[in-house]
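Engineer: I'll drop the sequence and a predicted model, then ask my questions.
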Amino acid sequence: MITLITGGSRSGKSAYAEKLLDGIDDVVYIATAEIYDDEMQERVKKHIKRRNPKWRTYEGFLNLEKAVNGEKHYLLDCITNLISRILFQITGEKEKPCEEDIQKTIDISLTQIKNLILEIKKINGSLILVTNEVGSSIVPMHPVSRAFSDIQGIVNAKIAELADEVVLCVCGLPIKIKDGASI
């Protein structure tokens, strides 16, 4: 089962994803964030405190299939951080990513997720993917932010196609928007 959980910032998507795995010890938490300041460190601490201490954590944003090591349940939090890290690895300090950079970011991001899904399917496991919904926000003014928003929307749509379930979290409430389709 592949489940995509999307929503805005602080919408409850991570807490909901963790709740779906409540009481299950056989879980790998795939953390894609890079801790770059004190505020991000505090966010990570809250996530760690909230989740089951028996879960194994895998940190990274590339070669995610290496996280698959016998466990049956996987939670990736989050696709947004994965895309951000890939985009900035490709573009560096560029003020405006070119179309080639944008397409390369989309391709690498999707390849990472698809490879993870394939590995998990080999063991008949489950995967919950958390991502940010950017489609309802304003169009950003800065070129890098606009490119990121476009990439995020495209990647989310492609992953939603692959997912068995898609859940939108709004105001802490999960709303199922896709149910039961197979990959």
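Structural biologist: Right, received. Where do you want to start?
Engineer: let me see the mean pLDDT of the helix or strand harbouring D107.
Structural biologist: In the assignment (DSSP states H and E), D107 maps to helix 99-122. Taken as a whole, helix 99-122 has an average pLDDT of 98.
Engineer: could you give the separation of it from the chain centroid?
Structural biologist: 12 Å (C-alpha atoms, centre = their mean, to the nearest Å).
Engineer: just the CA trace of that helix, in CSV.
Structural biologist: Below are the C-alpha coordinates for helix 99-122, written out as CSV (Å, rounded to 0.1, in the frame of the first residue of the first chain):
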residue,chain,number,x,y,z
GLU,A,99,14.4,24.7,-17.7
GLU,A,100,17.1,22.1,-17.8
ASP,A,101,17.7,22.5,-14.0
ILE,A,102,14.0,22.3,-13.4
GLN,A,103,13.5,19.1,-15.5
LYS,A,104,16.6,17.5,-14.0
THR,A,105,15.2,18.2,-10.5
ILE,A,106,11.8,16.7,-11.4
ASP,A,107,13.5,13.6,-13.0
ILE,A,108,15.8,12.9,-10.1
SER,A,109,13.1,13.5,-7.5
LEU,A,110,10.7,11.1,-9.2
THR,A,111,13.5,8.5,-9.7
GLN,A,112,14.3,8.5,-6.0
ILE,A,113,10.7,8.0,-5.0
LYS,A,114,10.0,5.4,-7.7
ASN,A,115,13.1,3.4,-6.8
LEU,A,116,11.9,3.4,-3.1
ILE,A,117,8.4,2.3,-4.1
LEU,A,118,9.9,-0.6,-6.2
GLU,A,119,12.0,-1.8,-3.4
ILE,A,120,9.1,-1.7,-0.9
LYS,A,121,6.8,-3.5,-3.4
LYS,A,122,9.4,-6.3,-3.7
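Engineer: quick one: contacts of the following helix or strand past it?
Structural biologist: Reading on from helix 99-122 to the C-terminus, the next helix or strand found by DSSP H and E is strand 126-132. Strand 126-132 is contacted by residues 1-9, 13-14, 17, 20-21, 72-80, 113, 116-117, 120, 152, 155-156, 159, 163 when judged by C-beta atoms under 8 Å, 6 or more residues apart in numbering. For every residue, glycine as well, the C-beta is placed using N, CA and C.
Engineer: so which of those are in strands?
Structural biologist: Residues of the contacts of strand 126-132 located in strands (DSSP state E): 2-7, 73-77.
Engineer: G172: which of these is nearest?
Structural biologist: G7 (9.1 Å; C-beta to C-beta).
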